[in-house]
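[1] Need coordinates for the following:
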Amino acid sequence: MEDYESIRLKATQQLNQALMRIEATKKPKSLSDIVSGEKARLSFSVVNLSDGKLDKASGEPFFTVQTNPQTFKKKLGINYKNNKTIGRIGTESEYEGFNPENVDFSFVLDVTGSEAQDSDFQIFDKIAELLEGLYCYQGDKHEPNRVAIEWGKEIFFGRLTSLDYEHVLFHPDGTPLRTKFNLSFVECKSTQEMESKKKTSSPDLSHLILVKAGDTLPLLCQKIYKNQQYCHAVAQANNLAHVADIEPGMQLLFPPLEK
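    Residues are numbered from 1 along each chain as shown. As a prediction, this is how the structure comes out:
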């Protein structure tokens, strides 16, 4: 039969082992742990417009980079109109809309075998593939391709706006062995997707509102049109005898503002 001291030592050892396992789960991952595993490579696929939506034309990309970009820059912007008033210091910025998103990145093709990925290709062949998919005019579409840029969980639908490449290493016979590419894209969306991106509070759209306790027609007009004076027009559009003739549970139509 074990004595008290042996039991205490065994329990202490078990407790220490449990604490070590807990600490191991809390230990932050090293950079090598994070980047280990099979790497997803950035690729380009042709996109078609079908039923008002953008869909990839086929399952296979027409171009996959040899090594991933070191950076992937995305730019977002909002457009404002500056209204200048005589006699007032400064200007008032009026919202006009969102600018299309833009992405920029660079990558390298190398046939010397120094890169981790395959190098059994010719630089000029790869340039031709890239230009055909991104840059060249497509006679059946009457425009260059829309493309999907995929890298891991990132997917961007866009059009090429600029592409330049620079040969930085050559064979003695003048054949390029390493080439750096710089690409820029602008976002493209279908008409259906652009409409769905609009804010539902826009006064340029029709709205069907369910009346809640505490709502009044002037307050609802203020919320949607930014002006309570439209309450009489909304009452007329809903066949209400008076602007106060609303109650919780009613559905009210708020038509778009006429311009």
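[2] All the strands of the stretch 151-259 of the chain, residue numbers only.
    154-170, 176-187, 207-210, 251-254 (DSSP state E, counting those that start in this stretch).
[3] Let me know which of those is the nearest to Asn79.
    Nearest of the strands of the stretch 151-259 of the chain to Asn79, taken as C-beta to C-beta: strand 176-187 at 13.9 Å. All C-beta atoms are positioned from the backbone trio N, CA, C, and that covers glycine.
[4] before we move on, the earlier item: mean pLDDT lowest for which of the strands of the stretch 151-259 of the chain?
    For the strands of the stretch 151-259 of the chain, the weakest mean pLDDT is recorded on strand 207-210, namely a mean of 80.
[5] What residues of it count as buried?
    Using 16 or more other C-beta atoms under 10 Å as the burial criterion, the residues of strand 207-210 that qualify are 207, 209.
[6] roughly how far is it from the heart of the chain?
    30 Å (C-alpha atoms, centre = their mean, to the nearest Å).
[7] strand partners of that strand, parallel vs antiparallel please.
    strand 251-254 (antiparallel) (DSSP bridges).
[8] quick one: buried residues of the partner strand?
    For strand 251-254, by 16+ other C-beta under 10 Å, it's 252, 254.
[9] How about residues contacting that strand?
    206-211, 217, 220-221, 224-225, 234, 237-238, 246 (C-beta atoms under 8 Å, 6 or more residues apart in numbering).
[10] Just the buried ones from the residues you listed?
    By neighbour count, with 16+ other C-beta under 10 Å, the contacts of strand 251-254 hold 207, 209, 211, 217, 220-221, 224-225, 234, 238, 246 as buried.
[11] Return the list of strands paired to the longest strand anywhere in the chain, each annotated with direction.
    Identified as the longest strand of the chain according to DSSP state E is strand 92-110. When pairs are called by DSSP bridges, strand 92-110 turns out to pair with strand 72-83 (antiparallel), strand 176-187 (antiparallel).
[12] Out of those strands, which one sits most buried?
    strand 176-187 (a mean of 18; mean count of other C-beta atoms under 10 Å).
[13] so it versus strand 154-170, what angle?
    Orientation of strand 176-187 against strand 154-170 (axes from the mean of the first three to the mean of the last three C-alpha atoms, to 10 degrees) gives an angle of 150 degrees.
[14] After the helix-or-strand element of the chain with minimal mean pLDDT, which helix or strand is next?
    Every helix and strand in the chain was compared by mean pLDDT, DSSP states H and E; the lowest is helix 31-35, with a mean of 52. Per DSSP states H and E, the first helix or strand lying C-terminal to helix 31-35 is strand 43-50.
[15] For the closest residue to Leu169 other than its chain neighbours, name its beta-bridge partners.
    Among residues not flanking Leu169 along the chain, Arg178 sits closest, at 3.7 Å (C-beta to C-beta, 6 or more residues apart in numbering). Using DSSP bridges, the beta-bridge partners of Arg178 come out as Asp110, Leu169.
[16] tell me the mean pLDDT over stretch 229-244?
    Rounded mean pLDDT across stretch 229-244 is 90.
[17] Flag the shaky bits of the stretch 1-150 of the chain, pLDDT-wise.
    1-5, 7-8, 19, 21-38, 50-54, 56-59, 83-91, 114-119 (pLDDT under 70).
[18] can we see that at 80?
    Scanning the stretch 1-150 of the chain for pLDDT under 80 picks out the ranges 1-39, 49-59, 82-96, 114-120.
[19] For Cys136, see how far away Glu150 is.
    Glu150 is 21 Å from Cys136, where distance means C-beta to C-beta, to the nearest Å.
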